[in-house]
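1. missing the sequence, but the structure's below:
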């Protein structure tokens, strides 16, 4: 049913006592390997299932295997997964990808009131206000030139419960073609405008970069805030920077690079730079977020994801995250030093001592794909006197016969 291709199967029994007598079933597939050990006396079956291609069907095959022995995953069966490499020489290991779950199937059905990308952006940006740590909430919004609409600013204005004092910072005209003198003038005007707002309303605790703001405006805001003294003068001790990308296909990384500069300049924790994504059935919106001085940042970010999921039906994902450096306290004295004796491990120890091993688990990793080497009659080889390679002993033997299926008959100690 899973469209797996069987190449070879092998079964044998392990001669133990009645309770631990078991039967081993091996299935070599084109896509992987299945090993099942059946213990009738214990009413127990263990299985190893290793795929080196078609990884996306793992969960489906797991369910089928458990049901095949009359068990249920949520009942008397348990499973665990180990991450391993592929099989060298199997070309599909280079191309096989685990498909992203269909968000059309998993997200709740909500009225399609937000369809256009700009409207989706405005809805998400309004929810990102939850990331602003202070109650004062003074925000500077980096906008494109006057002739271009600043959608991020519009989203704040349209919020009926907006408590954020949003100040638009329009890009200087013709930044793309500006000479050095014009850039210096734009930097100075931006600095003075921000200082004037700070004198009237207090320091900024958030910066929002509109998706259509030019890269040059990002360079200017970086130069303004690159000075530690200026940054302390203009920004609160706890502040956040939000930079949504213009589209899912955008390849301009300057927003992420700018926020990474903030992380590297402030250095010490709590400092966070996160790359987040909001998924709809048709598109993905990327948002870079920087936070400084807020130890509850990830808790706030989780609330943002839950709010967007509930109101807009979009799935939230943290794709990557970086933090700052843990500050060194040379005279740090912990209030309490915990040792193993401080933890109650009686239940875990009782469970561990009550276990009875019924099999051993082996892992093999083959780095090269060697062709099979034929063995000639009369050749001396090493052979194991037990079906299981780890349980027997190896002895020198002489090959006396080769069958058509590449099985050999060997003479042990000339007997």
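-> Structure's in. What do you need? The model shown is predicted, which means the values in this text are computed figures rather than measured ones.

2. looking at this, residue 191 is in a strand?
-> No: under DSSP: H, G, I helix; E, B strand; the rest coil, residue 191 falls outside any strand and is assigned helix.

3. hang on, it packs against residue 226?
-> No: taking contacts as CB atoms under 8 Å, residue 191 lies outside contact range of residue 226: 11.1 Å. From N, CA and C alone the C-beta is placed, and that goes for glycine too.

4. the two - which one has more neighbours?
-> Neighbour comparison, residue 191 and residue 226: the larger count goes to residue 191, with 19 against 12 (by other CB atoms under 10 Å).

5. if you tally nearby residues, what's the number for residue 218?
-> With other CB under 10 Å as criterion, residue 218 counts 20.

6. now residue 383
-> So residue 383, with other CB under 10 Å, has 16 neighbours.

7. residue contacts, it?
-> Listed by CB atoms under 8 Å, 6 or more residues apart in numbering, the contact partners of residue 383 are 394, 395, 396, 397, 410, 412.

8. list the buried residues in the helix or strand containing it.
-> In the assignment (DSSP states H and E), residue 383 maps to strand 380-384. For strand 380-384, burial by neighbour count (16 or more other CB atoms under 10 Å) applies to residue 383.

9. again with stretch 181-197
-> 183, 186, 187, 190, 191, 194, 197.

10. what is the nearest of these to residue 142?
-> residue 190 (9.2 Å; CB to CB).

11. state the distance from residue 218 to residue 405.
-> Applying CB to CB, to the nearest Å, the value for residue 218 to residue 405 is 69 Å.

12. got any ranges where the stretch 301-415 of the chain has weak pLDDT?
-> Applying pLDDT under 70 to the stretch 301-415 of the chain flags the ranges 327-328, 359-372, 386-392, 413-415.

13. can you give me the helices for it?
-> 346-353 (DSSP state H, counting those that start in this stretch).

14. would you list every one of the strands in it?
-> Here the stretch 301-415 of the chain has its strands, by DSSP state E, counting those that start in this stretch, at 315-323, 380-384, 394-402, 408-412.

15. could you dump the ones you listed to JSON lines with distance to residue 233?
-> As requested, these are arranged in JSON lines below (distance: least, CB to CB, whole Å):
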{"stretch": "strand 315-323", "distance to residue 233": "25"}
{"stretch": "strand 380-384", "distance to residue 233": "77"}
{"stretch": "strand 394-402", "distance to residue 233": "77"}
{"stretch": "strand 408-412", "distance to residue 233": "84"}
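
16. so which of the ones you listed comes closest to residue 166?
-> strand 315-323 (23.4 Å).

17. circling back: greatest separation within the contacts of residue 383: which pair is it?
-> 394 and 410 (11.9 Å).

18. assign a three-state SS to residue 230, would you?
-> helix.
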